[in-house]
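# Below is the structure, and that's it, no one-letter string:
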């Protein structure tokens, strides 16, 4: 029987419903720092803070950059982390059925540790790749390739759950199959990029997972 693919999950917009919360911060930052970039929060979805700073704040004075980093860190350390509908139940479903899982996120480890404690997910993931472990963020495939390496897997043996365009591009560049969640972008904009589109994890069965993962 063909090996069932291991599940790799993005975090924001997949396991937790935080993208609208981030939108508020980054769209306000766009105004505060006079960036003049339309839909800035959408442009940067799925990317790490260092990548944002390097790409969009390279010409800003050092004190302004430090201020932004401090604001972002403070905001993230206190932001709510509500679960995406069905996500925690789906993780437990896969765990119960012996499916290995990894978490691959542009967030830092401090935030992930807070979320794991909040949602009682200790021991859920076989590997966790955060922004602290990579030097190139999504859409670069480094994070997903590192997760596969951690697990001793070929990238083709991984099934990724993603919501952002940058995250989907990263997973596909790593040669992984992607299930897209239409939590951040519409199903119409995702359908040609991914294997399947789902609205969230409610009512997803183990049989459906096995169909996607074989």
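Cool, the structure landed. This structure is a prediction, so every number in the text was calculated from the model and none was measured. Residues are numbered from 1 along each chain as shown.
# Secondary structure class of the closest residue to residue 57 other than its chain neighbours, three-state.
Closest residue to residue 57 apart from its sequence neighbours, by C-beta to C-beta, 6 or more residues apart in numbering: residue 65 at 5.2 Å. All C-beta atoms are positioned from the backbone trio N, CA, C, and that covers glycine. Put simply, residue 65 is helix when judged by DSSP: H, G, I helix; E, B strand; the rest coil.
# Likewise for residue 26?
Three-state assignment for residue 26 (three-state DSSP): helix.
# need the contact list for it.
Under the criterion of C-beta atoms under 8 Å, 6 or more residues apart in numbering, the neighbours of residue 26 are 40-41, 44.
# What spatial separation is found between it and residue 166?
14 Å (C-beta to C-beta, to the nearest Å).
# before we move on, what about residue 158?
Distance, residue 158 to residue 166, using C-beta to C-beta: 18 Å.
# Those two: who's more crowded?
Remark: of residue 158 and residue 166, residue 158 carries more neighbours, 26 against 20, as counted by other C-beta atoms under 10 Å.
# which residue sits closest to that one in space, ignoring its chain neighbours?
Here the residue nearest residue 158, using C-beta to C-beta, 6+ apart, is residue 176, at 4.6 Å.
# count of neighbours near that neighbour?
Neighbours of residue 176 under the rule other C-beta under 10 Å: 28.
# what number of residues lie near residue 78?
Neighbours of residue 78 (other C-beta under 10 Å): 8.
# and the nearest residue to residue 53 once chain neighbours are set aside, what pLDDT?
Once flanking residues are discounted, residue 53 sits nearest to residue 65: 6.0 Å by C-beta to C-beta, 6+ apart. Per-residue pLDDT puts residue 65 at 95.
# and residue 168, which of the three is it?
helix.
# could you measure it against residue 45, distance?
For residue 168, the distance to residue 45 (C-beta to C-beta) stands at 11 Å.
# now swap in residue 208 and tell me
Distance, residue 208 to residue 45, by C-beta to C-beta: 26 Å.
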